[in-house]
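# the amino acid sequence is not available; the structure is as follows:
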DNA sequence: GTCTATACGAAGATAGAC
DNA sequence: GTCTATCTTCGTATAGAC
């Protein structure tokens, strides 16, 4: 069976999401990931044969799916606040050590992370999920796509600002203004 | 005189802004900064006695002042587009290698960069400059502050998305929706 | 002020035993 | 599958000549 296998691999990827978010890609060692995930030390190259780049791709895929899931649903205002609340809770619980693994991978050179394609796809997935929520609420297609991009960009940026300032006010501000922008949008 | 001195120091800081943006903080070596700025190799610890952290603070200060300057003026829509156009040009000219030095420093641990305070201040300076522009256009104080935070967060996030996707559409979308949000805001 | 040389630690990756 | 040991490279930082 590949079940145990996948569990170890998945736990390593999950830890990479957390640690990349907290420390950045280059500053996170494979030793850190093994320690954080409490997985067998000698097996990281078994689960990720091509090394750190492959781990980065798995982490980014995981983060993208989670982000997309966080904005699922038919009501975009509800979806928005669900996503924002999740980030607020994560930031506060970690004393503002947490951060976005997607940003962490995206700010480093493509050649170094080997996960550039995966990062682009993760952002697209996330934005598409929010676009779907806006569409379900009757927002026309192109407008929904633009609003979703604004929301994703603003949320990622707000997390960076919150970390830097050690407070959640940026998420509050972004949430309030994005909600206003969504509510001001004409529906079919 | 301290003029030559300051020039060397300033050039190193400028190069750090570029390289941190392109490669991230940890992935940028002091050797890279010296090479990029074409400054004397042996003198980095003369100009930055406490090392990389001090360089990071200088770079972040520089980036914060530049960002604030890019949104100066009495018309917030003009200021917004000036800032967006500057980023678009930088991203395209660098074939999407460029990025925000502020984000690069902000995503790494405070203890490692030694520039956390400076980063928070840089974001505050930038947001305050945009708040002033909105205030000059008659937007009431608290609303102006929230809109400015949204704009800063969305721009920083959009640069990350543009880099990841290797296209400027995120900046386009963010620009259009932020402009709409500003124009929809009641004035005194 | 600027240089070279180097100390020191940590990173990713690999080899080969079990 | 997992382990330990190790190779190799590269980072920051420092010492001390000039």
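Good, I have the coordinates. Keep in mind that what you see is a predicted model, and the values were worked out from it rather than measured.

# buried residues of stretch A:50-70, list them for me.
For stretch A:50-70, a neighbour-count test (16 or more other Cβ atoms under 10 Å in any protein chain shown) marks A:52, A:54-64, A:67-68, A:70 as buried. No exception for glycine: its C-beta is placed from N, CA and C like everyone else's.

# neighbouring contacts of that stretch?
The contact list for stretch A:50-70, computed with Cβ atoms under 8 Å, 6 or more residues apart in numbering or on different chains, reads A:9-10, A:12-14, A:16-17, A:20, A:25, A:30, A:33, A:44-45, A:48, A:79, A:82-83, A:86, A:100-102, A:105, A:113-115, A:118-119, A:121-123, A:125-126, A:128-129.

# who are the packing partners of the helix or strand that contains residue A:79?
Using DSSP states H and E, residue A:79 falls within helix A:76-93. Counting by 3 or more Cβ pairs under 8 Å, 6 or more residues apart in numbering or on different chains; DSSP states H and E, the packing neighbours recorded for helix A:76-93 are helix A:52-70, helix A:116-136, helix A:141-165, helix A:169-183.

# report the angle between it and helix A:116-136.
Here helix A:76-93 runs at an angle of 130 degrees relative to helix A:116-136 (axes from the mean of the first three to the mean of the last three Cα atoms, to 10 degrees).

# report the inter-axis angle for helix A:76-93 versus helix A:52-70.
130 degrees.

# pLDDT averaged over helix A:76-93 - what is it?
Per-residue pLDDT over helix A:76-93 has a mean of 98.

# and that helix, what's buried?
A:76-77, A:79-80, A:83-84, A:87-88, A:90-91.

# and the contacts of the strand or helix carrying residue A:105?
Taking DSSP H and E as the criterion, residue A:105 maps to helix A:101-106. Under the criterion Cβ under 8 Å, 6+ apart, residues A:16-18, A:20-21, A:23-25, A:56, A:59-60, A:63-64, A:67, A:113, A:115, A:119, A:122-123, A:156, A:159-160, B:103, B:107, B:160-161, B:163-164 lie in contact with helix A:101-106.

# what's the mean pLDDT across that helix?
98.

# does that helix come close to DNA strand C?
No. Applying Cβ under 7 Å from any atom of the strand, one finds helix A:101-106 separated from DNA strand C by no less than 12.8 Å.

# and the closest residue to DNA strand C within chain A, how close does it get to DNA strand D?
The minimum distance from chain A to DNA strand C, using Cβ to the nearest atom of the strand, falls at residue A:51 (2.5 Å). Distance from residue A:51 to DNA strand D, counting by Cβ to the nearest atom of the strand, to the nearest Å: 13 Å.

# relative to residue A:33, how far out is that residue?
Distance of residue A:51 to residue A:33, given as Cβ to Cβ, to the nearest Å: 12 Å.

# need the three-state assignment for the closest residue to DNA strand D within chain A.
Going by Cβ to the nearest atom of the strand, DNA strand D is nearest to residue A:42 of chain A, at 1.8 Å. Using DSSP: H, G, I helix; E, B strand; the rest coil, the structure places residue A:42 in helix.

# pick the one among the buried residues of stretch A:50-70 closest to chain B.
Of all the buried residues of stretch A:50-70, residue A:60 has the smallest distance to chain B: 9.7 Å, by Cβ to the nearest Cβ.

# and the closest one, what's its pLDDT?
Residue-level pLDDT assigned to residue A:60 equals 98.

# go on, residue A:25?
At residue A:25, pLDDT is 98.

# one more: residue A:168?
98.

# could you do residue A:4 as well?
53.

# and if you look at the one 5 residues further on?
Among the per-residue scores, residue A:9 shows a pLDDT of 96.

# isn't it up against residue A:47?
Yes. The criterion here is Cβ atoms under 8 Å, and residue A:9 meets it with residue A:47 at 4.3 Å.

# check the offset of stretch A:168-176 from the chain's centre.
17 Å (Cα atoms, centre = their mean, to the nearest Å).

# list the buried residues for it?
Using 16+ other Cβ under 10 Å as the test for burial, stretch A:168-176 gives A:168, A:170-176.

# near chain B, from those?
A:170, A:173-174, A:176 (Cβ under 8 Å from any Cβ of the partner chain).

# centroid-nearest residue for chain A?
residue A:63 (4.4 Å; Cα atoms, centre = their mean).

# noted, bye for now.
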